[in-house]
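> Got a predicted structure here, sequence first:
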Amino acid sequence: MWQLRGASRSTRKREWQEPSLHGSFPPPACLEGQMPTPIYSIDEDEKLTPSLEIILPRDLADGFVNNKRESYRFKFQRIFDQDAKQETIFENIAKPVAERVAESPPQLGVLAGYNGTIFAYGQTGSGKTFTITGGAERYSDRGIIPRTLSYIFEQLQKDSSKMYTTHISYLEIYNECGYDLLDPRHEASSLEDLPKVTVLEDPDQNIHLKNLSLHQATTEEEALNLLFLGDTNRMIAETPMNQASTRSHCIFTIHLSSKEPGSATVRHAKLHLVDLAGSERVAKTGVGGQLLTEAKYINLSLHYLEQVIIALSEKHRAHVPYRNSMMTSVLRDSLGGNCMTTMVATLSLEKRNIDESISTCRFAQRVALIKNEAVLNEEIDPKLMIIRLQKEIQELKDELAVVTGEQRTEALTEAELLQSVFPGNREVPQLTDDAQDKEGLYKLWRQLLPPALLISSLKATRSTDDFFNTHTSVAI
Ligand SMILES: Nc1ncnc2c1ncn2[C@@H]1O[C@H](COP(=O)(O)OP(=O)(O)OP(=O)(O)O)[C@@H](O)[C@H]1O
């Protein structure tokens, strides 16, 4: 299959490695009937940002007066032709996102505590699943997910200076409903009977996914087994464009936590590896029934994704419509947030797919305009903070007992606790009436404490706090 994979990346505060060009481009495919054949060429002179030129000769059948554009040029960070090896794709696309240490210029990878996302976008049958998951026939065909898992576990083994924990989640969004691909009930139950994954948003606009399970993986093998389990549960169907077309968006997430022994600071990073469902011109493929319903949902959610990308790429746009679809809600951080995001655009070079290929390239150009800001995700280990706060409470109780001569038995007030968290001259705010309820207290403390401290403080004082009980789902 003629195929091209282009990669564009959105960044801020980062300099990118000089992009390189991989492989040479094939000569134009043979003429089909009388229709003009598009010519794809890569500009090799533009070393810094290789560009792809698509020349679409005018079709005489459209008449002599024809103002249709003949040439399209798109710039990408990297361009790979259909002969590019999966190994090359991994080295150039996924490894920089996973990497711990960066050479020059610095790379801020998932292993170093930064969030990352790689998503494949393109029309149906253009090679997204092949790129993200890989082909089933040969070992060398394995794609970004298995190679990234292998690389991450290899790096973890090499680094004895930290303690690492790895968890996996695998989400499927099918017809705008979320499903846990690692739910063991998948095999025995029909899709309608499975619990749906729902999106929750906390006051800080962090997204949490209810009913999505997290599975610890201590070895590469365990992680791969989870990938295979999830893949067997994916919605796949034969369509006119692809014998095994993925009918859903799938997000495979590697959650990585690291901590130095004895330190209370924990780093959390997430790597989303996303295989989007492919856009499909239903008028062209002529699908009906279930396939048509699926195609409508797929096209609609890709339309919402486009709306988000357009809003993000326009400066001074106040509102970004993330909430329009589940996929954009879940990928909120990856699109214009705290994340290093790489998009892989997959194209089919067949003549009949030229319009879709041009629109995929246009979409990729817009994505490249988005500025993300990846920050180090560090927080204080809540368990250690609870222990520290409990110790402080006890010390304060003992001090009070010395001053008053009485052994204090009742719990400390919130104000006293705040004082224990902010010792010294820092002014302790008075708790107002609205702060007496949990939400008020939460807001007040939110202004004062970093998030991790806040969680541990609240948990330390209010063991049955409803707020946190309802937010124990997966933070995505
Ligand atoms: N680079 C490649 N080398 C060899 N075969 C490929 C390559 N890319 C795709 N294919 C093959 O082309 C077919 C379609 O690819 P794939 O299923 O990855 O497309 P897709 O974009 O994920 O489609 P859909 O959106 O319908 O799920 C598959 O049989 C796949 O193995």
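Cool, the structure landed.

> drop to CA atoms for contacts and neighbour counts, all remaining ones
Will do.

> From Lys397, how far off is Thr131?
Separation of Thr131 from Lys397 (Cα to Cα, to the nearest Å) stands at 60 Å.

> So those two - more neighbours on which side?
Neighbours per residue, other Cα atoms under 10 Å: of Thr131 and Lys397, the larger number sits with Thr131, 23 against 18.

> Just say helix, strand or coil for the more buried one.
Of the three states, Thr131 takes helix according to DSSP: H, G, I helix; E, B strand; the rest coil.

> need the contact list for it.
Taking Cα atoms under 8 Å, 6 or more residues apart in numbering as the criterion, Thr131 is in contact with 86, 89, 120, 143-144.

> Show me the helices in the protein, by range?
Counting by DSSP state H, the chain has these helices, from start to end: 86-89, 95-98, 128-132, 144-158, 220-232, 282-285, 289-313, 326-330, 354-368, 382-404, 414-421, 438-448, 451-461, 466-469.

> from the contacts of Thr131, which two are the most distant?
Using Cα to Cα, the two most remote members of the contacts of Thr131 are Gln86 and Ala120, lying 14.0 Å apart.

> Glu192: neighbour count?
8.

> separation between it and the ligand?
Glu192 sits 22 Å away from the ligand when distances are taken as Cα to the nearest ligand atom, to the nearest Å.

> In contact with Asn211, which residues are there?
Residues counted as contacts of Asn211 (Cα under 8 Å, 6+ apart) are 180, 195-198, 473.

> what about Gln86 and Ala120, which has more around it?
For Gln86 against Ala120, the residue with the higher neighbour count under other Cα under 10 Å is Ala120, and the figures read 24 against 20.

> and that one, what does it touch?
128-129, 131-132, 274-276, 343-346.

> 7 Å - rerun?
The contact partners of Ala120, taken as Cα atoms under 7 Å, 6 or more residues apart in numbering, are 128, 274-276, 343-345.

> next one: Leu214
Leu214 sits next to 167-169 when contact means Cα under 7 Å, 6+ apart.

> Excluding chain neighbours, what is closest to it?
Counting by Cα to Cα, 6 or more residues apart in numbering, the nearest residue to Leu214 once its immediate chain neighbours are dropped is Ser169, at 5.0 Å.

> what bridges to the one you found?
Following DSSP bridges, Ser169 is listed with bridge partners Thr253.

> what do you get for Met340?
With DSSP bridges applied, the residues forming beta bridges to Met340 are Gly116.

> Give me the neighbour count for it.
32.

> Could you do Asn353 as well?
When neighbours are counted by other Cα under 10 Å, Asn353 registers 14.

> cool, Asn372 as well?
Applying other Cα under 10 Å, we find 22 residues neighbouring Asn372.

> quick one: it from the ligand, how far?
Per Cα to the nearest ligand atom, Asn372 is found 26 Å from the ligand.

> now swap in Tyr164 and tell me
Taking Cα to the nearest ligand atom, one finds Tyr164 at 32 Å from the ligand.

> That residue touches His255, doesn't it?
No - between Tyr164 and His255 no contact is recorded; they are 10.3 Å apart, counting by Cα atoms under 7 Å.

> and Val97, how many residues sit next to it?
Applying other Cα under 10 Å, I find that Val97 has 27 neighbouring residues.

> Excluding sequence neighbours, find me the nearest residue to it.
Counting by Cα to Cα, 6+ apart, the residue nearest Val97 is Gly109, at 4.9 Å.

> List the contacts of the closest residue to Thr328 other than its chain neighbours.
Leaving out its chain neighbours, the residue that sits closest to Thr328 by Cα to Cα, 6+ apart is Tyr322, at 5.1 Å. Residues in contact with Tyr322 (Cα under 7 Å, 6+ apart) are 308, 328-329, 332.

> Between those, which sits nearest the ligand?
Comparing those against the ligand with Cα to the nearest ligand atom picks out Thr328 as the nearest, at 17.8 Å.

> Let me know the pLDDT of that closest one.
At Thr328 the predicted local distance difference test score is 91.

> again, but for Thr148
Model confidence at Thr148 (pLDDT) stands at 96.

> same thing with Glu221?
With respect to pLDDT, Glu221 has a value of 95.

> what do you get for Asp180?
Asp180 is assigned a predicted lDDT (pLDDT) of 94.

> roughly how far apart are Asn233 and His255?
Look at Asn233 and His255: by Cα to Cα, they are 21 Å apart.

> Same check on Thr246?
Computed with Cα to Cα, the distance linking Thr246 and His255 is 24 Å.

> What count of nearby residues applies to Arg78?
In terms of burial, Arg78 registers 24 neighbours under the definition other Cα under 10 Å.

> Write down the beta-bridge partners of whatever residue of the stretch 301-450 of the chain ends up closest to the ligand, one by one.
For the stretch 301-450 of the chain, the residue closest to the ligand is Thr346, as judged by Cα to the nearest ligand atom, at 7.1 Å. Taking DSSP bridges, one finds Arg5, Gly122 as the beta-bridge partners of Thr346.

> Isn't it up against Gly127?
Yes - proximity of Thr346 to Gly127 meets the contact threshold set by Cα under 7 Å, at 6.2 Å.

> mind giving me the domain ranges of this structure?
Using automatic domain parsing, the domain parsing of the chain gives 85-378, 403-475.

> Distance to Pro50 added to those domains, as a markdown table?
As requested, the domains of the chain are arranged in a markdown table below (distance: least, Cα to Cα, whole Å):
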| stretch | distance to Pro50 |
| --- | --- |
| domain 85-378 | 13 |
| domain 403-475 | 37 |
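
> need the least confident one among these, by mean pLDDT.
With a mean of 47, domain 403-475 has the lowest mean pLDDT of the domains of the chain.

> now Val289: how far from Ala295?
Just to correct that, residue 289 is Gly rather than Val. When distance is defined by Cα to Cα, Gly289 is 10 Å away from Ala295.

> out of those two, which sits in the busier spot?
Applying other Cα under 10 Å to Gly289 and Ala295 shows that Ala295 carries more neighbours, namely 23 against 7.

> Now do the contacts for that one.
Taking Cα under 7 Å, 6+ apart as the contact definition, Ala295 lies against Glu280.

> gap between it and Lys391?
Taking Cα to Cα, one finds Ala295 at 58 Å from Lys391.

> How about Gly122?
Applying Cα to Cα, one obtains 56 Å for the distance of Gly122 from Lys391.

> Could you check which of these two is surrounded by more residues?
In terms of neighbours (other Cα under 10 Å), Gly122 is the more surrounded of Gly122 and Lys391; the figures are 27 against 12.

> what residues are up against that one?
Neighbouring residues of Gly122 by Cα under 7 Å, 6+ apart: 128, 278-279, 345-347, 360.

> In JSON lines: the residues you listed, plus distance to Arg73 and neighbour count.
Formatted as JSON lines, the entries for the contacts of Gly122 read as follows, by distance: Cα to Cα, whole Å; neighbours: other Cα atoms under 10 Å:
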{"residue": "Lys128", "distance to Arg73": "22", "neighbour count": "27"}
{"residue": "Gly278", "distance to Arg73": "23", "neighbour count": "25"}
{"residue": "Ser279", "distance to Arg73": "22", "neighbour count": "22"}
{"residue": "Ala345", "distance to Arg73": "15", "neighbour count": "25"}
{"residue": "Thr346", "distance to Arg73": "16", "neighbour count": "28"}
{"residue": "Leu347", "distance to Arg73": "14", "neighbour count": "29"}
{"residue": "Thr360", "distance to Arg73": "13", "neighbour count": "20"}
